[in-house]
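Novice: Next come a sequence and a model predicted from it.
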Amino acid sequence: MKGGNYNRFRGRHLSVTLITLIFTTIILWVSEKNPSITTLLTGQDQFTWPSSEYHTDTVNNSSVSMRPKGHIEELFFEEITAKETEELVHKDLVCNYAKGRWVADSRRPLYSGFGCKQWLSEMWACRLTQRLDFSYEGYRWLPNNCEMPEFERSAFLRRMQDKTIAFIGDSLGRQQFQSLMCMATGGEMSPEVEDVGKEYGLVKARGAKRPDGWAFRFPNTNTTILYYWSSTLADLVPINSTDPRSNVAMHLDRPPGFMRKYLHRFDVLVLNTGHHWNRGKLTANRWVMYVNGKPNDDSKLASMGGAKNFTAYSISKWLDSQLPYLPRLKAFFRTISPRHFRNGDWNTGGSCDNTTPLTEGREVLHDQSSDEIVEGAVKGTRIKLLDITAVSDLRDEGHISHYSVRATGGINDCLHWCLPGIPDTWNELLAAQI
């Protein structure tokens with residue numbers, strides 16, 4: 001009897017040992033075929049069967065047999081396949097904020113066109129004009145495959161605590177700046193917001209219509225939002241500083257002095273340029289193109305397109321070279337805002353009288369930017385592309401058009417936008433990517 005019990009015990013011991021060896025062999029074989037298998041279980045569990053994966057049979061309370069519910073290969077391959085499929089899906093759904101569609105939203109606009117007088121130029125406040133249709137205000141942009149949270153001013157200012165957001169560009173950049181000021185205040189009078197323009201040299205010069213920019217600070221969060229006017233992003237320096245009628249050197253390969261001086265103080269920078277690159281603007285402003293510190297003699301840069309392209313690439317290259325020394329700075333280059341003049345241009349009777357939203361469609365399907373110059377300039381750099389061109393091109397009804405506060409006839413503005421309006425979306429796209 002004792003020998004029989006010993007043999008039965010030994011047999012059971014050998015059976016368990018044999019099962020363990022077989023199990024270990026299978027595990028090693030599967031892991032060689034799929035190295036990622038080892039990530040599915042903890043170090044301890046790699047060689048221990050979970051109790052839920054076994055049936056336990058008791059026979060006369062004297063023997064226990066253990067058998068897996070299913071084949072080990074099937075179990076593991078099912079888990080791997082599900083995980084790999086999920087990863088492939090996420091790889092395919094690449095986030096492109098400029099690819100998506102406009103959708104109606106009854107919660108828009110984000111602020112009142114009547115109430116934001118503290119920050120909004122009246123010429124852009126279409127609620128103050130003779131315009132009667134404001135349906136353009138009731139839409140928001142919905143990107144494909146991107147998370148774009150609703151803009152909430154208090155949350156935004158908390159995120160931007162102790163930070164400075166700078167816009168440098170033309171009048172469309174000024175519109176984006178005013179839009180963000182209205183969004184951050186909810187379009188309400190905010191006497192607590194401080195004018196800190198003097199800290200950045202943004203004061204109105206004698207004889208000037210306005211300063212070169214503005215800077216305001218929200219004291220509760222120490223958030224500064226500023227704008228500096230630089231329509232071409234080239235450095236402008238009078239050739240003869242003592243002569244107010246002197247020509248101005250337009251250094252295509254050098255960023256504005258304001259940008260060079262204050263870049264280290266910025267946490268977010270948004271650049272833009274585009275609509276001032278025409279011969280009439282250069283002649284009227286007495287701008288003379290300079291490269292390498294001397295008048296340009298390169299025929300390729302003599303054309304407006306060549307000069308604009310060269311400047312966009314030059315400024316991007318310089319800015320990218322500075323970013324390693326400014327790790328907290330997030331830099332964006334915004335693409336050009338589209339014009340919608342029909343049957344002529346701004347000075348030849350062109351107009352944009354459409355007031356029906358989305359007559360040209362509501363969706364952007366292509367992956368590439370419609371602004372090839374800016375997209376190319378930032379490619380391979382640390383500068384992010386803030387792509388708003390195709391998004392805005394669908395919204396021709398949102399321009400100032402022929403409406404004005406003083407009912408001035410014969411003027412059509414199919415370049416600038418009504419506010420509240422399309423530039424608010426630009427800032428939502430910016431906020432989502434900061």
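Specialist: On my side now, so go ahead.
Novice: residue ranges for the strands of the stretch 101-250 of the chain, please.
Specialist: 139-144, 164-169, 194-195, 213-218, 223-229, 235-238, 248-251 (DSSP state E, counting those that start in this stretch).
Novice: Just give me the neighbour total for residue 221.
Specialist: Residues lying near residue 221 (other Cβ atoms under 10 Å) number 17. Every residue, glycine included, has its C-beta placed from N, CA and C.
Novice: Stretch 205-217: end-to-end distance?
Specialist: This stretch, stretch 205-217, spans 22 Å end to end (Cα to Cα, to the nearest Å).
Novice: try stretch 404-411
Specialist: Terminal residues of stretch 404-411 lie 9 Å apart, using Cα to Cα.
Novice: that older thread, right, so the strands of the stretch 101-250 of the chain: which one is the most enclosed?
Specialist: strand 164-169 (a mean of 25; mean count of other Cβ atoms under 10 Å).
Novice: Restricting to C-alpha, output it in PDB.
Specialist: In PDB, the C-alpha atoms belonging to strand 164-169 read as follows (Å, rounded to 0.1, in the frame of the first residue of the first chain):
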ATOM      1  CA  THR A 164       3.100  85.600 -23.400                       C
ATOM      2  CA  ILE A 165       1.400  85.000 -26.700                       C
ATOM      3  CA  ALA A 166       2.700  87.200 -29.600                       C
ATOM      4  CA  PHE A 167       1.300  87.800 -33.000                       C
ATOM      5  CA  ILE A 168       3.600  89.300 -35.600                       C
ATOM      6  CA  GLY A 169       2.300  90.000 -39.100                       C
END
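Novice: Would you list the strands that that strand pairs with, along with their directions?
Specialist: Here strand 164-169 is paired, per DSSP bridges, with strand 223-229 (parallel), strand 268-271 (parallel).
Novice: Kindly reformat those strands as TSV and extend each row with mean pLDDT and distance to residue 239.
Specialist: Shown next, in TSV, are the strands paired with strand 164-169 (pLDDT from 0 to 100; distance: least, Cβ to Cβ, whole Å):
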stretch	mean pLDDT	distance to residue 239
strand 223-229	98	20
strand 268-271	98	25
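Novice: residue ranges for the helices of the stretch 51-200 of the chain, please.
Specialist: Assigned helices in the stretch 51-200 of the chain, in chain order: 72-92, 153-159, 171-185 (criterion: DSSP state H, counting those that start in this stretch).
Novice: Show me what the second one packs onto, helices and strands only.
Specialist: If you count contacts as 3 or more Cβ pairs under 8 Å, 6 or more residues apart in numbering; DSSP states H and E, helix 153-159 packs onto helix 171-185.
Novice: what packs against the helix it packs on?
Specialist: Using 3+ Cβ pairs under 8 Å, 6+ apart, helix 171-185 is in contact with helix 153-159, strand 164-169, strand 213-218, strand 223-229, strand 268-271, strand 413-417, helix 422-433.
Novice: Would you mind extracting the C-alpha trace of that helix into CSV?
Specialist: In CSV, the C-alpha atoms belonging to helix 171-185 read as follows (Å, rounded to 0.1, in the frame of the first residue of the first chain):
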residue,chain,number,x,y,z
SER,A,171,-3.6,93.4,-40.6
LEU,A,172,-4.9,89.8,-40.7
GLY,A,173,-2.6,89.1,-37.8
ARG,A,174,-4.1,92.1,-36.1
GLN,A,175,-7.5,90.7,-36.6
GLN,A,176,-6.4,87.4,-35.1
PHE,A,177,-5.0,89.3,-32.1
GLN,A,178,-8.2,91.3,-31.6
SER,A,179,-10.2,88.1,-31.9
LEU,A,180,-8.2,86.4,-29.2
MET,A,181,-8.6,89.4,-26.9
CYS,A,182,-12.4,89.3,-27.4
MET,A,183,-12.4,85.5,-26.8
ALA,A,184,-10.3,85.7,-23.7
THR,A,185,-12.5,88.4,-22.1
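Novice: now the angle from it to strand 164-169?
Specialist: Between the axes of helix 171-185 and strand 164-169, defined by axes from the mean of the first three to the mean of the last three Cα atoms, to 10 degrees, the angle is 150 degrees.
Novice: give me every residue that touches residue 273.
Specialist: For residue 273, the contact set (Cβ atoms under 8 Å, 6 or more residues apart in numbering) comprises 169-170, 230-233, 308, 311-312, 336.
Novice: among these, which two are most distant?
Specialist: With Cβ to Cβ as the measure, no two of the contacts of residue 273 lie farther apart than 230 and 336, at 15.0 Å.
Novice: more crowded one of the two?
Specialist: Taking other Cβ under 10 Å, residue 230 and residue 336 do not tie; residue 230 has more neighbours (26 against 21).
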